[in-house]
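Asks: sequence plus the predicted model coming up.
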Amino acid sequence: MKTLLVLPIIVPAITDVCALLARRHRTVQRVLGVFGAAVLFGAGTLIIAEVHAHGIQAVQMGNWPAPFGITLVVDPLSAGLVGISGFVALAVTVYALAGIDEVREQFGFHPLFHLLLMGINGAFITGDLFNLYVWYEVLLIASFALLVLGNERKQLDGAVKYVGINLVASAAFLSSVGILYGLTGTLNMADLAGSMEPVRELGLEPVVAMLFLIGFGIKAALFPLFYWLPASYHTPPAPIAAIFAGLLTKVGVYSLLRVFTLLFPNPSGYTQAVLLIVAGATMLLGVFGALVQQHVLRLLAFLVISAMGYVVMGLGFFTTLGLAGAVFYVFQDVPVKTSLFLIGGLMERETGTSEIGRMGGLYQYRPLLATAFIVPAFSLAGFPPFPGFWGKLTLIQAGLAQERWAIVAVALVVGLLTLLAVAQVWGRAFWQSATVEEREEFGADDPRGVRALLQGPVAVLAGTLFALGCYAEPLLAFAHDAAVHLTDSGPYIQAVLGG
Amino acid sequence: MEQITAIVSGAMIAGSFYLLMRRSLLRFVIGLILLSNGVNLLIFTMGRLIRTQPPIIPEGAKVPPEPFANPLPQALILTAIVISFGLLAFTLVLVYRHFAAGTSIESDDVRASEPTEPLDVDDQARRLPA
């Protein structure tokens, strides 16, 4: 079963190369893209089943024993993220068959998309800190190219900001890796967990922790480092924006969870206070930004930021319950954000405008779209039958158990404001009656096949989310299992180093 | 020797932040180049600088004779150089394309994705339906 762990990296790599070889054949590329994503989703499901049955799995690349070679390691958190990203990748690839124009496909949308997936999965399953940096660069270069694909003025504009800030983030991450290596002499994360003593004795632990927080915080769009996100995420076409919103910030948050639980398990009060303040400010400013936006995808981009605050809040508690809430929230946030951006793209496509105030009549003319919008939007606001509610409930329980009233109050208020933000979209774009010329536009329709490709994945994502919300117990148990493994790193270290 | 490289690396990173905060995108790119080199020098310094043998294993032996230099920091830096070279080349082309599309290299003019038009409060279309 050891080859299974390599599949999330190998499958997109092979798809990528094959799609590049077939770059003159659009149909071959499209078939390859969907097939590759489906295989990836299958591999992710198998990995989840394997980890669920037999615990943490590790494999040493090239048979070099653990601290010397590169280790791939999958614990419940990584397995869940690999499986969920395979699922949303499949949905987005199907949507992209109709949502990406021919020119972008000719210039390599499919190879770049799978290169991005390879980088994301590599970051999720590597057990080596420097290797994590390399995977980050793989996903970055793919995301840069996807962001400017199409060469529109606003895309170049958003890309300048996105590229600049991400290179600074990489430099911060790389210097923290360099300092850690110099102090401990190892880069294997499991080995590092046991050799942090010299760093602690020198009093450098908060310094390294803050460098990691800056590096990963930029990628995860945390306060005050989030300004690049609403400047760039709305510029590419909806499928690209959806995969960015669904997965890229989650990689940053995953790295924060991994590094902080493994390397800094008993944080000083300073680190914990910084994490909680950052979390509260991220939630608040994200939702404030969303409340004043008129552009539908920019509004959703601000809500991406706000959601990241909840996850960091769970990390800031440093308890099993808090981590379980954070992990559950990340798991459900990936399909929520992906489907919201896909729906945002459909709203622009159907109404011919990106201004929420100028939309209208979507509920009357596109009832399926309206129903699909309700699930992720109200999940984001934390409404009971939807999965977001269970995540927020767990997080707030964890906060109350620690008697951290201020951050709990912020989380509750932000939930209410998020509801206001999505209710505004609902009220204006869906419920408001359409103007005369808009009604005519609804008549000029996409053919039936195109509509099925666009609405099918959205409906599947929304249906899955609804089912997850109604029957959340298995995912909650899985998230709790992941949190137990994050709090007690013993099994992780044993799986990597053996003995 | 380590003190000197540590100071040089710190100065390079400080200088790069000065350049990153300038208003010209070209200076921003030069700042990024300086930053990545400063970080590489930091890794090099953290790997300890010693005058010793290269880590080459003589014929018949299984380990190189002590003391030998640690080759790993150099391998890390080499990887980082290759990656940053590719990314910086991309960034330069991107900034050039942006300049060619809009004829401005000032960072204040990078506003196409975030237009600054003020909100029109009297516009009925922007209001919530009562």
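Replies: Okay, I see it. Numbering: from 1, shown residues only, chains lettered A, B, ... in the order given.
Asks: kindly list the longest helix within chain B.
Replies: Looking across chain B with DSSP state H, the single longest helix is helix B:72-102.
Asks: would it count as contacting chain A?
Replies: Yes - counting by C-beta under 8 Å from any C-beta of the partner chain, chain A is contacted by helix B:72-102 at B:72-73, B:76, B:79-80, B:83-84, B:86-88, B:90-91, B:94-95, B:97-98, B:101-102. Using the backbone N, CA and C atoms, a C-beta is placed for each residue, glycine as well.
Asks: using ChimeraX, define a selection of the buried residues within those residues.
Replies: To isolate the buried members of those in ChimeraX, using 16 or more other C-beta atoms under 10 Å in any protein chain shown:
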select /B:72,73,76,79,80,83,84,87,88,90,91,94,95,98,102
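Asks: quick check: which element contains the residue in chain A positioned nearest to chain B?
Replies: For chain A, the residue closest to chain B is residue A:182, as judged by C-beta to the nearest C-beta, at 2.7 Å. Assessed by DSSP states H and E, residue A:182 sits inside helix A:153-184.
Asks: what angle sits between that helix and helix B:72-102?
Replies: Helix A:153-184 runs at 170 degrees relative to helix B:72-102, counting by axes from the mean of the first three to the mean of the last three C-alpha atoms, to 10 degrees.
Asks: could I get the buried residue list for helix A:153-184?
Replies: In helix A:153-184, counting by 16+ other C-beta under 10 Å, buried: A:154-184.
Asks: swap in stretch A:91-106?
Replies: A:91-100, A:104-105.
Asks: now render the residues you listed as a markdown table, adding secondary structure, distance to chain B and pLDDT.
Replies: Below are these laid out as a markdown table (DSSP: H, G, I helix; E, B strand; the rest coil; distance: C-beta to the nearest C-beta, whole Å; pLDDT from 0 to 100):
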| residue | secondary structure | distance to chain B | pLDDT |
| --- | --- | --- | --- |
| A:91 | helix | 26 | 94 |
| A:92 | helix | 22 | 94 |
| A:93 | helix | 25 | 94 |
| A:94 | helix | 28 | 93 |
| A:95 | helix | 23 | 92 |
| A:96 | helix | 22 | 91 |
| A:97 | helix | 26 | 90 |
| A:98 | helix | 25 | 87 |
| A:99 | helix | 20 | 84 |
| A:100 | coil | 20 | 86 |
| A:104 | helix | 16 | 88 |
| A:105 | helix | 21 | 84 |
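Asks: among those, which one lies nearest to residue B:16?
Replies: Of all the buried residues of stretch A:91-106, residue B:16 sits closest to residue A:104, with 34.4 Å by C-beta to C-beta.
Asks: quick revisit: so for the longest helix of chain B, mean pLDDT?
Replies: Average pLDDT, helix B:72-102: 90.
Asks: that one packs against which elements?
Replies: helix A:129-148, helix A:153-184, helix B:25-46 (3 or more C-beta pairs under 8 Å, 6 or more residues apart in numbering or on different chains; DSSP states H and E).
Asks: I'd say residue A:375 and residue A:468 touch.
Replies: No - using C-beta atoms under 8 Å, residue A:375 makes no contact with residue A:468, being 9.7 Å away.
Asks: who's more crowded, these two?
Replies: Higher neighbour count among residue A:375 and residue A:468: residue A:375, with 30 against 22, using other C-beta atoms under 10 Å in any protein chain shown.
Asks: and that one, how far is that from residue A:465?
Replies: 5 Å (C-beta to C-beta, to the nearest Å).
Asks: overlap in contacts, those two.
Replies: A:339, A:386 (C-beta atoms under 8 Å, 6 or more residues apart in numbering or on different chains).
Asks: next, the contact list for the spatially most central residue of chain B, please.
Replies: In chain B, the residue lying closest to the centroid (C-alpha atoms, centre = their mean) is residue B:36, at 3.5 Å. Contacts for residue B:36 (C-beta under 8 Å, 6+ apart) come out as A:167, A:171, B:80-81, B:84, B:88.
Asks: residue contacts, the residue of chain A closest to chain B?
Replies: B:43, B:45-48.
Asks: switch the cut-off to 10 Å
Replies: By C-beta atoms under 10 Å, 6 or more residues apart in numbering or on different chains, the residues touching residue A:182 are A:199, B:42-48, B:73.
Asks: may I see the PyMOL selection of the buried members of those?
Replies: To isolate the buried members of the contacts of residue A:182 in PyMOL, using 16+ other C-beta under 10 Å:
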select buried, (chain A and resi 199) or (chain B and resi 42+43+44+45+46+47+73)
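Asks: max pairwise distance over the contacts of residue A:182: which two?
Replies: A:199 and B:44 (19.4 Å).
Asks: returning to that earlier point: could you tell me the angle between the helix holding residue A:182 and helix A:129-148?
Replies: If you take the same axes, to 10 degrees, helix A:153-184 sits at 180 degrees to helix A:129-148.
Asks: following helix A:153-184 in sequence, what is the next regular element?
Replies: Next along the chain from helix A:153-184, counting by DSSP H and E, comes helix A:189-194.
Asks: so which residues make contact with the helix or strand just after that following helix?
Replies: Proceeding N to C from helix A:189-194, the next assigned helix or strand is helix A:197-201, under DSSP H and E. Helix A:197-201 has contacts (C-beta under 10 Å, 6+ apart) with A:179-180, A:182-185, A:192, A:204-205, A:207-209, A:263-264, A:266, A:268.
Asks: 7 Å - rerun?
Replies: Taking contacts as C-beta atoms under 7 Å, 6 or more residues apart in numbering or on different chains, the residues outside helix A:197-201 that touch it are A:183-184, A:205, A:208.
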